[in-house]
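Chemist: Give me a model of this one.
(2 chains)
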Amino acid sequence: MDAQRWERIQALFHQVLDVPPPERRAFLAARADSDEQIVDEVLALLAADARTSPVDRALGAVAGDVFENSTAPASVGPYRIIEKIGQGGMGEVYRARRDDLGSTAAIKILRDAWISPARRDRFAREQRTLAQLHHPNITTLYDADTLPDGTPYLIMEYVAGMPLTVHCRANRLIIPQRLRLFRDVCLAVQYAHHHAIIHRDLKPSNILVTADGVPKLLDFGISKRIESDAAADATRTALRLMTPAYAAPEQVRGDPAGTHTDVYALGVILYELLTDTLPFDFSRLTPQQADAVILEQDPIKPSVVARRSASAGAAFDGSREAAAEFGAISRAAWAELDVLCAAAMHKDARQRYHTVDALIRDLDHFLNGEPLDARAPTFVYRAGKFLRRHRASAATAAAVVLTIAALVTFYTTRLARARDAALAQVASTQRIQSFLLNLFEGGDEAFGPADTLRVISLVDRGLSEVRVLNTEPNVQASLSHTLGGIYQKLGQYERADSLLAAAFAQRQSLFGAGHPDVAQSQIALGLLRIDQARFDDAERLIRDGLQSAERLPASHPVKAHALWALGRVLQERGKYEEAITVLENAVRPIQDGPPSAEGVTALTELANTHFYAGNYEASDSLNRLVLPMVKQIYGERHPLVADIMINLGAIQFQAGRLQDAEAQYRPAVDIIQAFYGPWHPATAAGLTMLGRALVHQEQFDEARDTLLRSLAIQERVNGPSHPRVASILNELGNMALMQDDAAAAESYFQRTVAIYRSTFGETHYLLGIATANLASVYLRAQQYARAEQLFRDALRVYSASLPADHLDVGITRIKLGRALTRQQRYAEAEEHLRAGHDIVASQSDPGVSWLTAARDDLRRVYEGLNQPAKAAQWR
Amino acid sequence: MPVESAALDDLFTATYEELRRLAARVRGRDPGETLNPTALVNEAYLKLAASLNMVPESRLHFKRIAARAMRQVLVEAARRRSAARRAGDYAAITFDDALDAPVTSADKLLALDFALKDLARLSPRQALMVEYRFFGGLDLAETAALLDVSESTLTRDWRAARAWLARELSGT
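Modeler: Numbering: from 1, shown residues only, chains lettered A, B, ... in the order given. Got it, this is the predicted structure:
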């Protein structure tokens, strides 16, 4: 073949793709120009098109172990290594012989990469307990130890055989025979479960069938041990499973596996035995796409697949075998096999067979011609929003885990006494746990109002389930506390309040003062009060919490949390210097370790406080420092990432770099909205910031839409007198001012001032800003006396809350100067203009318009004061 | 491939070395972590851009070089491994249906490299496309930009090329 020919072949290839297969040869022949060979070549290319290509998979899959350095030792213990018989994800397997006894064994040497030195001894010890599994269908583990260099190895029964599926095909087993083999496999898995060992990686290549037709399970419990160690380590993304085909939805989500996970894998294996195909085809999908399929796509029913291949077989090569086999089983029976498979493979672990026992029971029912226990599922449980990839250690999830750990401990104690029933309960608890953990996953879908209600009803269901099961009061308090926090995040403050208060009361009576749980509840209530804009109560509660936590060591998470909360409330109240001190104290003990959720939270708050205090450079550096940490801990699309981006945007905004600000705000809003939904206060907050940036770029239409959307949300969630409502009104007022709509601007700003005054009192800088804004309206309307009055009021407010050289102070003084200039009170004007100018000019990136305004007015002032020399200076 | 100037040579060498280092670190780091060319290339870029003081005209240009470097890194490693295996003191891998695939990653990689050279004779652009996407982890848009064709052309090219490779390498 040469280049030209290849061109021709490709051209024909693309043309013929749209032609139905039976007509392709003719189509090509007509265009071949009597070059018969080219027809064959194109057809061959078409056939290859349907196959997997080496470049379909990721590079890592093809080249992953090219850097492996390990070579096999010549001997391991008393065994002599003969040959390598395979390579798996975890290590190499060798056939070995023991010359003194003449016996053969399989030795699996685990890769160094898998196990840190600290864990090797523990691993070996654990494997020795696994050696207690004695079952005819489980490859016996003889021993486990480590090589001189510390590499762990396992000595296992050597099994020569074919994978289950290959065996069935090669021996042309009919379905009843396959089902009996399958049953043996299930018995083995059941046996292991009764010893509280989950396989976690069941697949045909792990089930070998010997020449005598005996199935043997390999690799029991290994993955389980390793993964539970991995999970105990610092945050990491879920291990990428080697065989997605058998991965259960909960494994894809990163949830803890249970016996139900093995049931799922058995379901997939059953599917394969019935149809000779896998339920899903991942060959052309990315890992993320594969995950989505596992979580959401239903497989084609086995009966349908089997019927298809039966008729296909009959049509193409006249083979009657498949057809006969298919027909040998009645329609009704096929329907039951469908149900069996579906019940084993159900995406909701709760609707699956809870145990392998249940699966075996129904298998027996089928084989004996009795009705099944499982019901045909009418729909697939689809809480799609919650079935998202789990990110370990989201901070909110961490808090949840801490409280749910109490629940799980409680249930696992029961486990020792009544295994089967308890397994169901554990599954239920895990469901609550995974539901709660999943609640704040990053996701692509929004919680609409209806969905939010569903979230709440599910949460309530979780709550009532727990009550029904009669939990201990401290566990109930933990659950109330956690649920309260969730309601708060959902913006449902009333429900949050009653739950948090209930938890607090319960804990107080259980533990008395000074207990960390009590402190935690006080702080949680205090934080809720912040959201409710009841700042006096907030500060009081948080200080109480800090008091309760006094005896705890500085590094105790509750103490760090208390300090952070105090910093937060001080910041919200405008007491920036105090807040900075408190937060620096909070950050100090956590700073030395790796990025942690508490450290990140405190750092973020410190960054925010510096911002509000006008220390923009400090704020910027802190935000930039924290952003990668947040991404690392929470993931790229977590709302905390969005928060940081908003911070960075705000700093850009303050510096007048509006496009840069917008560039930060937009993706942040996107993340927030995807996560919380279109009616959530966080979405409103993001929209406000974005709207503000748009206003200042004079993109008024989009700005108005954005801000009005935000206003609607805030009014709905917080009522008409909330500071967040005020903040949006403030922006709308600014916009009206820019569009010279003085009346609208006046009305917006008046509302704003009223709200800030009633919620913050007289000394919050936001009141100052709102007042100054209102004053600007009058300035524009040439009502200079009124403007002057209000500017002075604003400055009075600033003096109580901001440093004298704060940018806002500078700007307001310039404006006051203008109001005075216009009234020809030049001497007074000069003082404010000079001061204001100096303040603004000393900023690292001063807004030019302010300086220009100041200069213009100063020139006028000096001309008015008859000092032409000075006037000239300000040209 | 256009003639490399001395500066580009230096860049290539530096990239090559860096990718080698990074790739070798991958296995030792995290058992679940597979070789992700995009991540490695990004990491290499950040490192080199900072230390070399020599930044190519565009990030895209760097990625092009990195793709080539990555391919080279892997092929060399595969060659070393293949040789070691043959010379090693354990028996050649016998293919038992019971356990994993017979052909090692090293074999597959070398076969792919060889096939790509063939493809380059038939269509230099398609071979480069595969190199950029598969070894360099570049996406469709980036590859189209580098090769100066439309994305739709590239999609067609990709379809044909992958089929061709599937056919060429069906033996392995």
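
Chemist: List the residues that contact A:L606.
Modeler: A:L606 makes contact with A:G567, A:I580, A:L583, A:E584, A:A586, A:V587, A:L622, according to Cβ atoms under 8 Å, 6 or more residues apart in numbering or on different chains. C-betas here are computed from N, CA, C, even on glycine.

Chemist: Reduced to three states, what does it come out as?
Modeler: helix (DSSP: H, G, I helix; E, B strand; the rest coil).

Chemist: Which pLDDT value belongs to it?
Modeler: For A:L606, the model assigns a pLDDT of 89.

Chemist: Might you list the low-confidence residue ranges for chain B?
Modeler: B:1-58, B:80-104, B:170-172 (pLDDT under 70).

Chemist: in it, which spans are helices?
Modeler: Ranges of helices in chain B, per DSSP state H, are B:6-29, B:37-52, B:59-87, B:105-122, B:124-130, B:140-147, B:151-168.

Chemist: For the contacts of A:L606, which PyMOL command selects only the ones that are buried?
Modeler: What follows is the PyMOL syntax for the buried subset of these, where burial is set by 16 or more other Cβ atoms under 10 Å in any protein chain shown:
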select buried, chain A and resi 567+580+583+586+587+622
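
Chemist: Between the contacts of A:L606, which sits nearest A:H696?
Modeler: Nearest to A:H696 out of those is A:L622 (Cβ to Cβ; 24.3 Å).

Chemist: does the closest one really touch A:E605, like I thought?
Modeler: No. In this structure A:L622 lies outside contact range of A:E605 using Cβ atoms under 8 Å: 9.7 Å.

Chemist: returning to what we had before: out of the contacts of A:L606, which is nearest to chain B?
Modeler: Among the contacts of A:L606, A:L622 lies closest to chain B (Cβ to the nearest Cβ), at 21.8 Å.

Chemist: now A:S34, what's its secondary structure?
Modeler: A:S34 is classified as coil under three-state DSSP.

Chemist: residues near it, how many?
Modeler: A:S34 is flanked by 6 other residues according to other Cβ atoms under 10 Å in any protein chain shown.

Chemist: Next one: it from chain B, what distance?
Modeler: Plainly put, A:S34 is 23 Å away from chain B if you go by Cβ to the nearest Cβ, to the nearest Å.

Chemist: tell me the SS of the residue lying closest to A:A524 once chain neighbours are set aside?
Modeler: Leaving aside its chain neighbours, A:A524 sits nearest to A:L500 (5.2 Å; criterion: Cβ to Cβ, 6 or more residues apart in numbering or on different chains). Here A:L500 is recorded as helix under three-state DSSP.

Chemist: Surely A:L500 is in contact with A:G526?
Modeler: No. Using Cβ under 8 Å, A:L500 is not in contact with A:G526; the gap is 9.8 Å.

Chemist: Closest one of the contacts of A:L606 to A:E41?
Modeler: So of the contacts of A:L606, ranked by how close each gets to A:E41 (Cβ to Cβ), first place is A:L622, at 63.6 Å.

Chemist: any idea which element that closest one lies in?
Modeler: helix A:616-634 (DSSP states H and E).
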